[in-house]
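S.K.: Okay, predicted coordinates and the sequence, questions at the end:
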Amino acid sequence: MNAPILDVQQLSLQELSRHQILLHPLSFKVHLGECVALVGESGSGKSLTALSIPNLLPPSIKMHEKSQVIWQGKTDLTQLSEAQVRLYRGRHIGFIFQDPLHALNPVITIGAQLIEVLKYHNIPDAEREAVSRLAEVGLPEPHTLLNVYPCHLSGGQQQRVMIAMAMAARPLLLIADEPTTALDPVTQHHILSLLNDLRVKHNMGLLLISHDLRLIKRWADRVLVLEKGYLREQGTTIELFSHPEHRYTRRLMQAKPDFIEILKGRKEEATNTDESSMAILSLKEVSTNIAPENTQYLRSPFQLAPINLNLRASHCIGVIGSSGSGKTTLAKLIMGLIRVGAGKILYRGKDISTLTHSEQIAKRSDVQMIFQNPYASLNPSWTIEAILREPLELTGRSRSKKEDCEKLYKVLGQVELEANASILNRYPSAFSGGQRQRFALARALLLEPKILVCDEATSALDVSIQAEIIALLSRLRKEQGLGLLVIAHDLSMISSLADEVLVMSAGNVIEQGICHKILQHPMHPITQSLCAASH
């Protein structure tokens with residue numbers, strides 16, 4: 001094998017404020033045409049390792065003086081000035097960040113952002129090249145896309161734009177940090193297939209970061225397993241998955257069983273012949289009246305065809321489908337965030353689709369929602385206490401501070417979080433993604449809802465944390481009689497929780513029925529592709 005394009009030697013990182021070692025000495029290499037994967041849970045050091053290569057670390061983190069990042073066998077990037085290392089970013093080393101919606105500027109068109117990158121790297125005829133780059137990543141009608149804003153794109157389309165920007169200057173190394181975290185299985189496959197095709201076409205090195213071992217097993221040549229800043233194991237993908245040596249690697253592999261195995265382990269629930277009579281929430285031929293814009297680049301909300309469903313207490317309905325299929329639009333309809341165009345939404349027999357704003361606020365005490373991103377759904381400038389007390393104050397349920405805190409402690413215990421004054425006085429940034437999602441769940445449970453709508457509530461979490469949240473929702477559902485509407489692209493989560501499944505595509509329900517029947521014997525081609533991509 002030729003000399004490596006990247007040779008990382010004894011990379012070690014320390015947080016200055018707490019004198020804490022974040023990454024213990026780590027060494028690895030990446031060759032041209034090779035895909036090397038970094039895997040591990042949150043806090044393992046994956047992203048810090050990636051950020052160290054182009055020197056994008058925050059000032060609060062210091063690199064040890066013995067650390068080296070050797071580029072093409074001759075240049076140590078750690079010894080360069082900021083102005084010098086900036087010449088390598090983009091031109092030689094491309095970077096795809098985890099959240100494309102936050103990485104893209106929301107007030108600047110896609111074309112302007114991509115053209116800016118091309119001009120920065122002195123690539124001539126930038127507008128023509130921008131169209132070429134967008135076409136290369138599989139986006140249709142790239143001329144039209146130049147004048148579109150990021151908010152008009154689906155998650156998969158946003159990620160393709162990020163790949164086009166990272167590939168703008170034809171780098172020799174592409175670093176992809178969790179590039180498919182919030183995407184459905186089919187879109188995940190398309191994005192990683194695209195990255196692989198670009199790697200082969202341009203003979204570049206690819207450093208892929210992910211907590212999804214299923215994807216890593218399929219696409220990587222070599223794997224490094226990190227845990228709490230330590231390199232636990234490394235080797236070829238075949239060797240590692242055939243004979244994992246470290247217990248942590250084995251635990252990661254066991255944390256997320258195949259959805260078919262989960263279904264086989266579940267008992268088949270008896271179905272009620274008259275579900276509507278027992279339903280606490282019913283949708284009767286409900287559709288939206290939002291007409292699509294005159295462009296194919298449009299994120300939801302959009303037109304939904306008539307939908308019917310009945311949700312009972314202690315019952316769970318799973319909603320699956322590709323990005324842009326209408327899953328979140330359905331959740332917003334139920335929450336009253338989008339006006340119903342036709343049909344009825346009945347809560348305990350009463351049509352809530354025609355309620356006034358004040359009546360909607362009162363209804364939301366019984367119907368709560370957990371959003372996809374725990375980092376964005378909690379106010380970063382508020383303490384945990386302020387975040388949790390807000391729903392009590394808005395609904396007139398707040399009492400004295402002592403009584404409120406007792407209630408907060410109780411609900412924190414329900415979601416298996418430590419309950420004390422120190423926790424309440426801290427800010428969201430002090431907690432992990434899994435802890436933040438538990439706080440979001442605690443906030444929803446404070447009002448003792450009868451229905452909980454979960455919109456991709458575990459997609460941004462590690463596989464072990466996902467399993468904990470799934471187990472928690474399952475327990476609360478049984479103990480409190482919660483009706484759950486779970487939106488997810490993770491069929492393992494759906495298989496663990498759902499009694500019934502709705503499969504959506506382009507605003508239509510294409511399949512609906514008992515969970516194990518739909519997922520084990522899918523009839524529609526789109527359902528079949530979702531199931532196949534999840535194996």
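M.R.: It's in.
S.K.: C-terminal to the helix or strand of the chain with the lowest mean pLDDT, what's the next element?
M.R.: When the helices and strands of the chain are scored by mean pLDDT, DSSP states H and E, helix 275-278 comes last with a mean of 61. Scanning forward in sequence from helix 275-278 by DSSP states H and E, the next helix or strand is strand 281-288.
S.K.: buried residues in that next one?
M.R.: By neighbour count, with 16 or more other CB atoms under 10 Å as the criterion, the buried positions of strand 281-288 are 281-284, 286-288. Where C-beta positions appear, they are placed from N, C-alpha and C, glycine not excepted.
S.K.: May I see the buried residues of the strand or helix carrying residue 413?
M.R.: Using DSSP H and E, the secondary-structure element containing residue 413 is helix 401-414. For helix 401-414, a neighbour-count test (16+ other CB under 10 Å) marks 404-405, 407-409, 411-412, 414 as buried.
S.K.: Output it in CSV with nothing but the alpha carbons.
M.R.: Below are the C-alpha coordinates for helix 401-414, written out as CSV (Å, rounded to 0.1, in the frame of the first residue of the first chain):
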residue,chain,number,x,y,z
LYS,A,401,-41.2,27.1,44.4
LYS,A,402,-41.0,24.3,47.0
GLU,A,403,-44.1,22.5,45.7
ASP,A,404,-42.9,23.0,42.1
CYS,A,405,-39.5,21.6,42.9
GLU,A,406,-41.0,18.5,44.6
LYS,A,407,-43.0,17.9,41.4
LEU,A,408,-39.9,18.4,39.3
TYR,A,409,-37.9,15.9,41.5
LYS,A,410,-40.7,13.4,41.1
VAL,A,411,-40.8,13.5,37.3
LEU,A,412,-37.0,13.5,37.0
GLY,A,413,-37.1,10.3,39.0
GLN,A,414,-39.7,8.9,36.5
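S.K.: From the contact counts, what lies against it?
M.R.: The helices and strands touching helix 401-414, judged by 3 or more CB pairs under 8 Å, 6 or more residues apart in numbering; DSSP states H and E, are helix 384-394, helix 421-424, helix 433-445.
S.K.: Mind doing that once more with 10 Å?
M.R.: Applying 3 or more CB pairs under 10 Å, 6 or more residues apart in numbering; DSSP states H and E, one finds that helix 401-414 contacts helix 384-394, helix 421-424, helix 433-445, helix 463-480.
S.K.: which residues of the stretch 1-150 of the chain fall in strands?
M.R.: 6-15, 20-30, 35-39, 61-63, 68-71, 75-76, 93-96 (DSSP state E, counting those that start in this stretch).
S.K.: how about those in CSV, adding distance to residue 261 and mean pLDDT?
M.R.: Formatted as CSV, the strands of the stretch 1-150 of the chain follow (distance: least, CB to CB, whole Å; pLDDT from 0 to 100):
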stretch, distance to residue 261, mean pLDDT
strand 6-15, 37, 95
strand 20-30, 33, 95
strand 35-39, 21, 96
strand 61-63, 40, 93
strand 68-71, 41, 96
strand 75-76, 48, 96
strand 93-96, 32, 95
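S.K.: what's near enough to touch residue 440?
M.R.: By CB atoms under 10 Å, 6 or more residues apart in numbering, the residues touching residue 440 are 368-371, 373-374, 377-378, 387-388, 415, 428, 454, 457.
S.K.: which of those are buried?
M.R.: Burial by neighbour count, 16+ other CB under 10 Å: within the contacts of residue 440 this picks out 368-371, 373-374, 377-378, 387-388, 415, 428, 454, 457.
S.K.: Helix or strand: which one has the nearest residue to residue 413 once chain neighbours are set aside?
M.R.: For residue 413, ignoring the flanking residues on the chain, the nearest one in space by CB to CB, 6 or more residues apart in numbering is residue 419 at 5.5 Å. Here residue 419 is covered by no helix or strand, with elements defined by DSSP H and E.
S.K.: Likewise for residue 232?
M.R.: Assigned by DSSP H and E, residue 232 falls within strand 230-236.
S.K.: Extract the residue ranges of the stretch 201-350 of the chain that are flagged as low pLDDT.
M.R.: Residues of the stretch 201-350 of the chain that meet the criterion pLDDT under 70 lie in 256-258, 260, 266-277, 289-302.
S.K.: For residue 176, give me the pLDDT.
M.R.: Reading off the per-residue confidence, residue 176 sits at a pLDDT of 95.
S.K.: Quick one: classify it as helix, strand or coil.
M.R.: Per DSSP: H, G, I helix; E, B strand; the rest coil, the secondary structure class of residue 176 is strand.
S.K.: how near is the nearest residue to it once chain neighbours are set aside to residue 47?
M.R.: Closest residue to residue 176 in three dimensions, ignoring its sequence neighbours and counting by CB to CB, 6+ apart: residue 96, at 4.4 Å. Here the distance between residue 96 and residue 47 works out to 12 Å (CB to CB, to the nearest Å).
S.K.: More neighbours: which of these two?
M.R.: Using other CB atoms under 10 Å, the more surrounded residue of residue 96 and residue 47 is residue 96, with 23 against 18.
S.K.: gap between the more buried one and residue 168?
M.R.: When distances are taken as CB to CB, residue 96 and residue 168 turn out to be 12 Å apart.
S.K.: same check, this time on residue 287
M.R.: Distance, residue 287 to residue 168, by CB to CB: 41 Å.
S.K.: One more: residue 18?
M.R.: Distance check for residue 18 against residue 168: by CB to CB, it reads 38 Å.
S.K.: of these two, who's got more company?
M.R.: Comparing residue 18 with residue 168 by neighbour count (other CB under 10 Å), the higher total belongs to residue 168, at 24 against 9.
S.K.: The more buried one belongs to a helix?
M.R.: No. Using three-state DSSP, the secondary structure at residue 168 is coil, not a helix.
S.K.: Give me the neighbour count for the residue lying closest to it once chain neighbours are set aside.
M.R.: Using CB to CB, 6+ apart and skipping residues adjacent in sequence, the residue nearest residue 168 is residue 117, 4.7 Å away. Using other CB under 10 Å, residue 117 has 20 neighbouring residues.
S.K.: Contact partners for residue 117?
M.R.: 90, 123, 126, 129-130, 133, 164-169.
S.K.: Repeat that for residue 280.
M.R.: With contact taken as CB under 10 Å, 6+ apart, residue 280 is in contact with 310-313, 315, 346-349, 366-367, 450-451, 481-483.
S.K.: same deal with residue 161?
M.R.: 100, 103-104, 110, 113-114, 133-134, 137, 139, 145, 148, 150, 153.
S.K.: and it, which of the three is it?
M.R.: Going by three-state DSSP, the state assigned to residue 161 is helix.
S.K.: same question, the one 10 residues further on
M.R.: Applying three-state DSSP to residue 171 yields a three-state assignment of coil.
S.K.: follow-up on the earlier one: nearest to residue 217 among the buried residues of helix 401-414?
M.R.: Minimum distance to residue 217 across the buried residues of helix 401-414 is 36.1 Å, recorded for residue 414 (CB to CB).
S.K.: Apart from its chain neighbours, what residue comes closest to the closest one?
M.R.: residue 445 (6.2 Å).
S.K.: thinking that neighbour is in contact with residue 417, fair?
M.R.: No. Counting by CB atoms under 10 Å, no contact exists between residue 445 and residue 417, whose distance comes to 11.5 Å.
S.K.: Which residues are in contact with each of the two?
M.R.: Between them, residue 445 and residue 417 share the contacting residues residue 411, judged by CB under 10 Å, 6+ apart.
S.K.: ok, back up a step: the contacts of residue 280 in helices, which ones?
M.R.: Using DSSP state H, no member of the contacts of residue 280 falls within helices.
S.K.: Among those, which one sits closest to residue 208?
M.R.: Closest to residue 208 out of the contacts of residue 280 is residue 482 (37.4 Å), distances taken as CB to CB.
S.K.: So for the closest one, what's the pLDDT?
M.R.: What the model reports as pLDDT for residue 482 is 91.
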